[in-house]
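**Student:** Based on what follows, work out the 3D shape:
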Amino acid sequence: MILIVEDDEKSRRLMRDVLEHQGYDVMETNQGEIGLELMRKLQPSLVLMDIHLPGISGLEAIREIRGDSTLAATPVVAVTASVMGNARDKIRDAGFDGFEPKPLNLKEFLGTVRRLAPV
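**Tutor:** Just a heads-up that it's a prediction; the model follows:
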């Protein structure tokens, strides 16, 4: 199961539809706090997380994930439009396992997903 944590409805729907078409089970939320709760409850095989979320940001959430022994090994990919300057380095240094810029390149997006969470 893949968890999508994304506040933009169009982006969330696109990821969900593409992943379900590829045979993945998908759960989704638009808030970081709920994403953390769902991670603890569902133990997803992969999390796709936006950086700019209402409430706690994706950067705050990844710090909490990496600090929690029950969640730390879960692969988390940043999916964000923040690609300017050193944002990519900041995102990788924060502990994300990958980075997918918006708008999504579906071939690259699916390649990352398959690498981290084979069907």
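**Student:** Next, the buried residues of the helix or strand Asp89 falls within.
**Tutor:** If you go by DSSP states H and E, Asp89 is part of helix 87-94. By neighbour count, and taking 16 or more other Cβ atoms under 10 Å as the criterion, the buried residues in helix 87-94 are Ala87, Arg88, Ile91, Ala94. Where you see a C-beta, it was placed from the backbone N, CA and C, and this is true even at glycine.
**Student:** so where is this protein shaky, pLDDT-wise?
**Tutor:** Flagging of the chain using pLDDT under 70 yields the residue ranges 83, 85.
**Student:** Show me where it has its helices.
**Tutor:** Here the chain has its helices, by DSSP state H, at 9-21, 32-42, 58-66, 87-94, 106-116.
**Student:** Minimum distance to Leu3: which of those has it?
**Tutor:** Among the helices of the chain, helix 32-42 comes nearest to Leu3, with 5.7 Å by Cβ to Cβ.
**Student:** Between helix 58-66 and the closest one, find me the angle.
**Tutor:** In terms of direction (axes from the mean of the first three to the mean of the last three Cα atoms, to 10 degrees), helix 32-42 departs from helix 58-66 by 30 degrees.
**Student:** let's number from 48 now, not from 1
**Tutor:** With 48 as the first residue, the last one maps to helix 79-89.
**Student:** If you count contacts, what does helix 79-89 end up packed against?
**Tutor:** Contact here means 3 or more Cβ pairs under 8 Å, 6 or more residues apart in numbering; DSSP states H and E; on that basis helix 79-89 packs against strand 49-52, strand 73-76, strand 93-96, helix 105-113.
**Student:** Could you double-check that Ser58 sits in contact with Val126?
**Tutor:** Yes. Taking contacts as Cβ atoms under 8 Å, Ser58 lies within contact range of Val126: 7.3 Å.
**Student:** between these two, what contacts are shared?
**Tutor:** Residues within reach of Ser58 and of Val126 at once, by Cβ atoms under 8 Å, 6 or more residues apart in numbering, are Asp97, Lys149, Leu151.
**Student:** circling back to that earlier point, between Ser58 and Val126, point out the one with more neighbours.
**Tutor:** Residue environment comparison for Ser58 versus Val126 gives the larger neighbour count to Val126, 26 against 19, counting by other Cβ atoms under 10 Å.
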